[in-house]
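**Student:** I need the structure of the sequence given here:
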Amino acid sequence: MGNDLETLQTLLKEDPSNFQARRELSIILVNQGFNEEAEGNLEYLCRYFPEDAELHYNLGIVYEKLKKFDKAKEAYEKAISISPQEDFYYNLGEVLVDLKQWEDAEKCFKEVLKTDPNDPNCYFNLGLCYYNLEEKNKALDNFQKAVSINPKDVYAYFYLGYIYQNDGLTNFAVQSYKKVLDVSPDYSWAYFNLGSIAFKNGNDEEAKEYLKKTIQYNPADYEAYKLLVKICLKNNETEEVLEILHTALESEENGDLFYCLARVYKFIGDLDEYYDALKHALQNPYTLSYSKNAIKKEFETIGEKIGKQEEIEPERKIEEYNDTEESLQDNEEDSYNEIDEYESDDNDISDEDEDSEYDEENEYEEYDDSDESEETDWNDDDNEDEYEDEEEYEDELPENDSDKE
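**Tutor:** Numbering: from 1, shown residues only. Reported below is the predicted structural model:
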């Protein structure tokens, strides 16, 4: 392949108007991941051959790979206007999903089903469109059609589980999540939601096992740590969770994990470690989803109690955290279907989990303006609110679980 690439590049240097060489070079560049180079070649060809549908289609694939979704949409629409084909409609539908244009995407996938009524990917994507259009029953029907045709579609099973879970049909939800794990045993979101269901059902030990599996397969799932801390404090099991938190923090400092650590040290009454953990949480504000103002009050209050007063400055720049978050998203990619050189069924599953809002009112009620002058009581009763509110976290659904390679 390398020789072909060099040969074609040589031919184009000698004769830039050799369109056949440029077309072949574009396909090789796409297949080898040189998308920017392929983009330039295909744009050049489309100017000379504006009625060549395949050229516009391949240019759409390149734009899609480069995350230029608006341009990809235009390229696919141009290809369809010249020659309406099943692949063109399917790829346009996927781009419209990325653009969250659900009604237009629905029309594209229905066009595909006119010629291929047994395409499981279309049924999945239709399910996703209806889910986001809040047409739950249609979403369920299409996800179920997807798994009936392709019993290994973990994404459709996951959405089925998520819908059942939110409807309170936990038995069906558990069955669906276990189907996910039968096909993909490292699918961390399924473990988390199984842990969430077990916790809500009062099965703390089962919940802990699922949450530890979540962390095993996705150490960056901070919601799993939060719920695990909640369960361990409820059951006065602190040694294990301290070890888990310290192990996680050895790999990377994180504001939420430091605050989880602070909660555990507060619970066991180790005020010095509690103070230090709060300090580290405030020093990592760009990975801290809890209320920074409330934590600062908490930090100042315990500092006065133990005779320490320190000014907090973030240890890292925000750019460093942005880079970290991007790398975490990239790590949550799953492959689904193979693609050939002319088709683009690939998108990335975002690894980003939906952050839950923390219940600051319960956690920080001791710092209410009316009570600021009162001394904090360090008895175990302080921690009751920390695990009584079961809505502190949310069940996990990836932001774009539609994206299937």
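**Student:** which residue ranges form the helices in the stretch 151-300 of the chain?
**Tutor:** Along the stretch 151-300 of the chain, counting by DSSP state H, counting those that start in this stretch, helices occupy 154-166, 170-183, 188-200, 204-217, 222-234, 239-251, 255-268, 271-283, 292-306.
**Student:** average pLDDT across the third one?
**Tutor:** Put plainly, it is helix 188-200. Average pLDDT, helix 188-200: 97.
**Student:** redo the helices of the stretch 151-300 of the chain as JSON lines? Include distance to Gly33 and mean neighbour count.
**Tutor:** (Each C-beta comes from the backbone N, C-alpha and C, glycine too.) Converted to JSON lines, the helices of the stretch 151-300 of the chain look like this (distance: least, Cβ to Cβ, whole Å; neighbours: other Cβ atoms under 10 Å):
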{"stretch": "helix 154-166", "distance to Gly33": "24", "mean neighbour count": "24"}
{"stretch": "helix 170-183", "distance to Gly33": "28", "mean neighbour count": "18"}
{"stretch": "helix 188-200", "distance to Gly33": "27", "mean neighbour count": "24"}
{"stretch": "helix 204-217", "distance to Gly33": "27", "mean neighbour count": "19"}
{"stretch": "helix 222-234", "distance to Gly33": "32", "mean neighbour count": "23"}
{"stretch": "helix 239-251", "distance to Gly33": "29", "mean neighbour count": "15"}
{"stretch": "helix 255-268", "distance to Gly33": "35", "mean neighbour count": "23"}
{"stretch": "helix 271-283", "distance to Gly33": "39", "mean neighbour count": "20"}
{"stretch": "helix 292-306", "distance to Gly33": "41", "mean neighbour count": "17"}
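**Student:** of these, which is nearest Asn31?
**Tutor:** helix 154-166 (25.3 Å; Cβ to Cβ).
**Student:** please name every helix or strand in contact with that closest one.
**Tutor:** Packing contacts for helix 154-166, counted by 3 or more Cβ pairs under 8 Å, 6 or more residues apart in numbering; DSSP states H and E, involve helix 120-132, helix 136-149, helix 170-183, helix 188-200.
**Student:** now render the helices of the stretch 151-300 of the chain as CSV, adding distance to Lys73.
**Tutor:** Converted to CSV, the helices of the stretch 151-300 of the chain look like this (distance: least, Cβ to Cβ, whole Å):
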stretch, distance to Lys73
helix 154-166, 23
helix 170-183, 31
helix 188-200, 29
helix 204-217, 34
helix 222-234, 33
helix 239-251, 40
helix 255-268, 37
helix 271-283, 43
helix 292-306, 40
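**Student:** tabulate the helices and strands packed on helix 154-166 (JSON lines), appending distance to Tyr89.
**Tutor:** Shown next, in JSON lines, are the helices and strands packed on helix 154-166 (distance: least, Cβ to Cβ, whole Å):
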{"stretch": "helix 120-132", "distance to Tyr89": "9"}
{"stretch": "helix 136-149", "distance to Tyr89": "17"}
{"stretch": "helix 170-183", "distance to Tyr89": "28"}
{"stretch": "helix 188-200", "distance to Tyr89": "30"}
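**Student:** which one, of these, ends up nearest to Leu278?
**Tutor:** Using Cβ to Cβ, the nearest of these to Leu278 is helix 188-200, at 25.8 Å.
**Student:** residues in contact with the closest one: which ones?
**Tutor:** By Cβ atoms under 8 Å, 6 or more residues apart in numbering, the list of residues contacting helix 188-200 from outside reads 158, 161-162, 165, 170, 173-174, 177-178, 180-181, 184, 204, 206-211, 213-214, 217-218, 221, 223-224, 227, 230-231, 353, 390, 393, 395-398.
**Student:** just the pLDDT for the closest residue to Tyr90 other than its chain neighbours.
**Tutor:** Spatial nearest neighbour of Tyr90, chain neighbours left out: Val112 (5.0 Å); criterion: Cβ to Cβ, 6 or more residues apart in numbering. pLDDT recorded at Val112 is 97.
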